[in-house]
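Peer 1: this one's sequence-less:
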């Protein structure tokens, strides 16, 4: 790669507690996106491994002149004593691998060098939703971002071209309903409901880590295999029979105790339970922000299919992140799908390009 080509490259990074997401822009145009599993709670070596995979994929993106912009949520994992330590250690490892061009997204509206991560950790920590919302607000005016990922859901109101969230930190957003700690892959099913319908009546569920939401959406056929990257609750396969067995454990049974149709019906009930919870919080957020009734839902994340369902249920238009954030006639369909899934990584890259 020649130096002029390198100077046009901008990488965007979203360092999560379970995945690393990254995208490559060239001359402001999206060229590639990828996501790698990164169970950061098990050790920093997993971040190093994900960065190594990125380097193998984009070997020219470490040359002098290539710019890197990053946001993070991984500081929340219990590997770290507290969030301040998490921000500092993640920033330090990124700087060591990515080089001196790295800038960290600051929710206050600016950018910080890695060496500033310690004193500035509060505005760097878990700010990825701010990057996505800021990109969308500038492009769609009024709306509500629903970013449903593997672990969490962000519900962010947009009013008059600005981010209208009441909360800033995770703690504040949990209080306002703008952060719902549910996703479509890693959420334990026992967190969604204490009791489920079964056999014409009801049954209490087992409060054990026997199954996750990935099992639900794998059975319903809505979770793409490429987004189903987390390990299963029992460490066994992701085939239909193994998935049914995990659901069966939730109600004290085995997969052989019922038909495939009955287990699918139970999976669909779990989906409805999750939609009800997120829908309740969405109504609260929209009302608090006084969103116009016709303000669209902009869906992002590997659970954007749920965002589309929520839009239909509340009578709002539905748009995908990629069609709002990226120019018309931009990436192909496959790349646009990945842009939806990795919206914060794309957003920090776009914001960094706009800064330049």
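Peer 2: In hand now; what should we look at? None of these values were measured; they are calculated from a predicted model.
Peer 1: Excluding chain neighbours, give the residue nearest to residue 234 in space.
Peer 2: Once flanking residues are discounted, residue 234 sits nearest to residue 246: 6.1 Å by Cβ to Cβ, 6 or more residues apart in numbering. For the C-beta atoms, the positions are set from N, CA and C on the backbone; glycine is no exception.
Peer 1: Please report how far the most centrally placed residue in the chain lies from residue 203.
Peer 2: Nearest to the mean C-alpha position of the chain, counting by Cα atoms, centre = their mean, stands residue 149 at 3.6 Å. Between residue 149 and residue 203 the computed distance is 30 Å (Cβ to Cβ, to the nearest Å).
Peer 1: wouldn't the residue nearest to the centre of the chain be in contact with residue 183 here?
Peer 2: Yes - with contacts counted by Cβ atoms under 8 Å, residue 149 reaches residue 183, the gap being 5.0 Å.
Peer 1: between these two, what contacts are shared?
Peer 2: Listed as contacting both residue 149 and residue 183 by Cβ atoms under 8 Å, 6 or more residues apart in numbering are 301, 303.
Peer 1: The closest residue to residue 12 other than its chain neighbours: neighbouring residues, count only.
Peer 2: Closest residue to residue 12 in three dimensions, ignoring its sequence neighbours and counting by Cβ to Cβ, 6+ apart: residue 349, at 2.8 Å. A count of neighbours around residue 349, defined by other Cβ atoms under 10 Å, yields 30.
Peer 1: Could you count how many residues lie near residue 280?
Peer 2: For residue 280, the tally of surrounding residues (other Cβ under 10 Å) stands at 12.
Peer 1: Show me the strands in the stretch 51-200 of the chain, by range?
Peer 2: Residue ranges of the strands in the stretch 51-200 of the chain, as given by DSSP state E, counting those that start in this stretch, are 67-72, 103-105, 111-112, 143-148, 153-159, 162-163, 179-180, 195-198.
Peer 1: Run through who's touching the second one.
Peer 2: Outside strand 103-105, the residues that touch it by Cβ under 8 Å, 6+ apart are 67-72, 91, 111-114, 116-117, 124, 127-128, 130-131, 348, 351-352.
Peer 1: Just the buried ones from those?
Peer 2: 67-72, 91, 111-112, 114, 117, 124, 127-128, 130-131, 348, 351-352 (16 or more other Cβ atoms under 10 Å).
Peer 1: For residue 172, which residues are in contact?
Peer 2: For residue 172, counting by Cβ under 8 Å, 6+ apart, the contacting residues are residue 166.
Peer 1: just for the stretch 201-350 of the chain, where's the confidence low?
Peer 2: 329 (pLDDT under 70).
Peer 1: Which stretches in it count as helices?
Peer 2: In the stretch 201-350 of the chain, the helices defined using DSSP state H, counting those that start in this stretch lie at 213-220, 240-250, 260-288, 304-313, 321-325, 333-341, 343-355.
Peer 1: Same list, the ones you listed, but as JSON lines with distance to residue 56 please.
Peer 2: Below are those laid out as JSON lines (distance: least, Cβ to Cβ, whole Å):
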{"stretch": "helix 213-220", "distance to residue 56": "27"}
{"stretch": "helix 240-250", "distance to residue 56": "31"}
{"stretch": "helix 260-288", "distance to residue 56": "36"}
{"stretch": "helix 304-313", "distance to residue 56": "28"}
{"stretch": "helix 321-325", "distance to residue 56": "26"}
{"stretch": "helix 333-341", "distance to residue 56": "18"}
{"stretch": "helix 343-355", "distance to residue 56": "18"}
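Peer 1: Tell me which of those helices lies nearest to residue 296.
Peer 2: Within those, the stretch nearest residue 296 is helix 304-313; the backing value is 7.4 Å (Cβ to Cβ).
Peer 1: outside of the closest one, which residues touch it?
Peer 2: In contact with helix 304-313 (Cβ under 8 Å, 6+ apart) are residues 146-148, 184, 222, 271, 274-275, 278-279, 282, 296-301, 317-318, 320-321, 340-341.
Peer 1: for the strands of the stretch 51-200 of the chain, which one sits closest to residue 173?
Peer 2: Checking the strands of the stretch 51-200 of the chain against residue 173 by Cβ to Cβ gives strand 179-180 as the closest, at 3.7 Å.
Peer 1: Adjacent strands (with direction) for that closest one?
Peer 2: For strand 179-180, the pairing partners within the sheet under DSSP bridges are strand 153-159 (antiparallel).
Peer 1: do you know how far the residue in the chain sticking out farthest from the centre is from residue 79?
Peer 2: Of all residues in the chain, the one whose C-alpha sits farthest from the chain's mean C-alpha position, using Cα atoms, centre = their mean, is residue 200 at 36.5 Å. Per Cβ to Cβ, residue 200 is found 46 Å from residue 79.
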